[in-house]
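[1] Could you look at this predicted model? Sequence included:
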Amino acid sequence: MVTHAPRCDQTATWAALRQHFDAQGHAFDVRQAFAHEAGRFERFSLQAPEVFADLSKNRWDADVRTMLVQLARECQLEARRDAMLAGAEANLTEGRAVLHTALRAPRGVGLFSDEVHDVLDHMLAYAESVRAVAGMGVNGFTDVVNIGIGGSDLGPQMVVPALDAFVHPKLRFHFVSNVDGHDLVPVLRKLHPATTLFIIASKTFTTQETMANAHAARAWFVANGGTDVARHFVATTTNLETAAAFGITTTFGFWDWVGGRYSLWSAIGLPLAIALGEQGFRALLAGAHAMDQHFATAPLETNLPAQLGLLDVWYRNFHGFTSRSLAPYHQGLRRLPAYLQQLEMESNGKCVDLTGAPLPFATSPVVWGEAGTNGQHAYFQMLHQGTDVIPVEFIAVKNPDYGPAPLPETVLVGLADQQRKLLANCLAQSQALMLGKSTDEALAEKAPTASQALDALTVARHRTFPGNRPSTTLVLEALTPTSLGALIAMYEHRVFTSGAIWGINSFDQWGVELGKALCSQLLPRLSSGDVAGLDGSTAGLLSRLRSV
């Protein structure tokens with residue numbers, strides 16, 4: 001891996017960007033840019049596999065974009081990318097390669113191809129065997145329960161509803177992750193032991209939350225007359241011995257170069273393979289591979305993941321924007337913000353560089369959001385008129401797909417109208433964020449719901465929108481396994497780009513370890529009541545929460 005690349009703040013281009021921002025970048029107005037730049041939309045739009053991106057409503061110009069590309073080259077982004085894709089030790093603190101891209105490469109193309117495709121073939125054969133008898137009485141399953149947490153949960157839990165139109169019609173999918181029993185019990189209420197398949201997703205088969213839920217699920221299964229644990233419980237794990245002791249004989253493994261938040265392409269994707277079938281899962285992989293090829297070969301100037309990552313650096317380190325809001329205008333993508341929280345914040349939420357030196361600049365923003373149009377009736381007020389500027393990322397899907405089940409013509413006509421309303425809302429929100437509304441414009445309007453006790457100017461000031469709020473719009477022709485695969489891979493490479501510029505390791509997650517270690521120490525204290533040596537707050541809370 002490239003370890004001698006200069007950190008971004010040690011480059012000449014970083015200083016030039018700071019000078020440019022202080023001189024004029026901080027006052028950049030997107031409205032003026034559109035007024036003065038003919039062809040701005042075309043100049044700041046990019047087409048990548050399955051994903052079109054409009055970057056024109058962002059606070060940058062050609063000079064900034066040129067300097068950001070130069071910054072990437074000074075930080076040796078391309079060399080770091082090529083080294084990662086070639087199997088170099090990209091995860092330096094754990095001494096591992098980072099090869100999730102190998103999981104979606106065609107047979108004979110990627111690294112470890114024979115091993116990858118051997119597991120893939122076996123997993124897909126098992127998935128097809130489940131699908132073939134789904135819903136056929138006691139011989140077939142009706143419900144599939146994935147028990148995992150983090151990367152073993154967030155990816156499958158996001159993809160299944162996103163691709164609902166492609167899911168096997170006789171199978172229901174459930175996802176349990178939280179160690180809180182209130183996550184598991186409502187799922188168990190819906191199930192019948194004879195027709196339920198449990199997937200235990202844990203590489204080590206020791207993850208605390210996952211194994212607690214797994215044991216509870218098995219106890220429920222046995223107590224309710226379930227037989228043949230080996231048929232009703234399978235695992236995605238490398239710990240075959242412990243899985244066998246649990247009663248599991250069907251397992252699918254993966255490798256230490258597969259990070260948790262990049263693992264849905266591996267055996268962790270078993271629920272996806274069962275949901276989508278072999279053809280659908282391979283299409284998901286193919287879409288991701290197409291984006292991998294784009295990231296690997298497209299010049300940085302037209303490389304969509306790289307451009308998005310560089311824009312993130314521009315906003316985080318120069319404009320000082322602390323968060324980014326995601327607004328997917330497709331209900332199927334409702335879990336995408338949660339998925340991207342882990343992908344980006346666990347990857348780039350770091351405060352030291354590759355050498356362990358403290359960073360003097362900010363890294364990962366907070367990523368958050370909600371499906372549109374729901375978000376419009378919740379937090380969009382703050383986006384439009386709040387004191388913080390928060391870049392927004394809209395995702396629009398041109399053509400809906402409600403699945404193969406036939407619908408009455410009257411329903412289809414209504415749904416077509418609803419789709420137009422959805423897309424109009426998406427366009428209107430990004431336009432409103434950019435244009436805003438002046439006080440004079442507000443004065444010229446009638447506000448029927450405004451208090452008659454207030455003077456017109458006061459009301460107008462309340463109805464003034466500052467505008468110049470940046471946004472990006474991503475457009476998919478349709479939400480399919482192929483396009484979703486490409487979209488997810490785009491986000492993965494975007495995160496890599498910003499992490500490489502910041503000079504950090506985007507592939508470890510030591511920040512999750514301390515809480516785990518302290519939990520193991522506190523767990524027996526909840527039984528014993530021993531608070532010796534604890535800080536006053538933890539001791540007081542433990543005593544209050546302890547069950548006698």
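    Structure received.
[2] Please parse the protein into its domains.
    Listed domain ranges for the chain are 8-90+298-435+469-508, 105-280, 511-545 (source: automatic domain parsing).
[3] Can you redo the ones you listed as JSON lines, where the extra columns are mean neighbour count, mean pLDDT and distance to Val98?
    For every residue, glycine as well, the C-beta is placed using N, CA and C. Output for those, formatted as JSON lines (neighbours: other CB atoms under 10 Å; pLDDT from 0 to 100; distance: least, CB to CB, whole Å):
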{"stretch": "domain 8-90+298-435+469-508", "mean neighbour count": "18", "mean pLDDT": "98", "distance to Val98": "4"}
{"stretch": "domain 105-280", "mean neighbour count": "19", "mean pLDDT": "96", "distance to Val98": "6"}
{"stretch": "domain 511-545", "mean neighbour count": "11", "mean pLDDT": "95", "distance to Val98": "18"}
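[4] out of everything not next to it in sequence, what's closest to Asn468?
    Asp29 (5.2 Å; CB to CB, 6 or more residues apart in numbering).
[5] Pop out the phi and psi values for that neighbour.
    Main-chain dihedrals, Asp29, degrees, to the nearest 10: phi -120, psi 120.
[6] I'd guessed it sits against Pro470; true?
    No - counting by CB atoms under 8 Å, Asp29 does not reach Pro470; the two are 10.7 Å apart.
[7] Spit out the contact partners of His319.
    Neighbour list for His319: 21, 25-26, 59, 389 [criterion: CB atoms under 8 Å, 6 or more residues apart in numbering].
[8] So Leu457 lies in a helix, does it not?
    Yes - with DSSP: H, G, I helix; E, B strand; the rest coil as the criterion, Leu457 is assigned to a helix.
[9] which one is it nearest to, not counting chain neighbours?
    Leu457 sits nearest to Leu443 (CB to CB, 6+ apart), 6.9 Å away.
[10] quick one: contacts for the one you found?
    Shown in contact with Leu443 (CB under 8 Å, 6+ apart): 456-457, 460.
[11] Also Ala296?
    Counting by CB under 8 Å, 6+ apart, Ala296 makes contact with 81-82, 85.
[12] and the gap between the spatially most distant residue from the centre of the chain and Val459?
    Relative to the C-alpha centroid of the chain, counting by CA atoms, centre = their mean, Ala453 is the outermost residue, at 47.6 Å. Using CB to CB, to the nearest Å, we find Ala453 at a distance of 10 Å from Val459.
[13] Mind putting the contacts of Ala296 into JSON lines with distance to Arg218 and secondary structure?
    Listed next are the contacts of Ala296 as JSON lines, based on distance: CB to CB, whole Å; DSSP: H, G, I helix; E, B strand; the rest coil:
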{"residue": "Arg81", "distance to Arg218": "44", "secondary structure": "helix"}
{"residue": "Asp82", "distance to Arg218": "46", "secondary structure": "helix"}
{"residue": "Leu85", "distance to Arg218": "41", "secondary structure": "helix"}
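[14] Where do the helices of the stretch 301-450 of the chain begin and end?
    Listed from the start of the chain, the stretch 301-450 of the chain has helices (DSSP state H, counting those that start in this stretch) covering 304-314, 336-340, 347-348, 380-385, 409-435, 439-443.
[15] ok, then the element right after the one helix or strand Asp118 maps to?
    Using DSSP states H and E, Asp118 maps to helix 113-132. Heading C-terminal from helix 113-132, the first helix or strand you meet, by DSSP H and E, is strand 143-147.
[16] List the strands paired with that next one, with their directions.
    Applying DSSP bridges, strand 143-147 is found paired with strand 172-176 (parallel), strand 196-201 (parallel).
[17] want to throw those strands into JSON lines with distance to Gln293?
    Output for those, formatted as JSON lines (distance: least, CB to CB, whole Å):
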{"stretch": "strand 172-176", "distance to Gln293": "30"}
{"stretch": "strand 196-201", "distance to Gln293": "29"}
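[18] Of these, give the one that comes closest to His117.
    For the strands paired with strand 143-147, proximity to His117 was assessed by CB to CB; strand 196-201 is nearest, at 20.7 Å.
[19] Next, the angle from that closest one to helix 113-132.
    Strand 196-201 and helix 113-132 are oriented at 160 degrees to each other (axes from the mean of the first three to the mean of the last three CA atoms, to 10 degrees).
[20] How about the contacts made by the nearest residue to Gly369 once chain neighbours are set aside?
    Counting by CB to CB, 6+ apart, Gly369 lies nearest to Leu326, which is 3.4 Å off, once chain neighbours are set aside. Neighbouring residues of Leu326 by CB under 8 Å, 6+ apart: 336-337, 340, 367-369, 392-393, 395.
[21] try Gly332
    Applying CB under 8 Å, 6+ apart to Gly332 gives the contacts 161-164, 479.
[22] Not counting sequence-adjacent ones, nearest residue to it?
    Ala162 is the one closest to Gly332 (CB to CB, 6+ apart), at 4.3 Å.
[23] Which residues are in contact with the nearest residue to Asn239 once chain neighbours are set aside?
    Closest residue to Asn239 apart from its sequence neighbours, by CB to CB, 6+ apart: Phe205 at 3.9 Å. Neighbouring residues of Phe205 by CB under 8 Å, 6+ apart: 211, 235, 237, 239, 242-243, 246.
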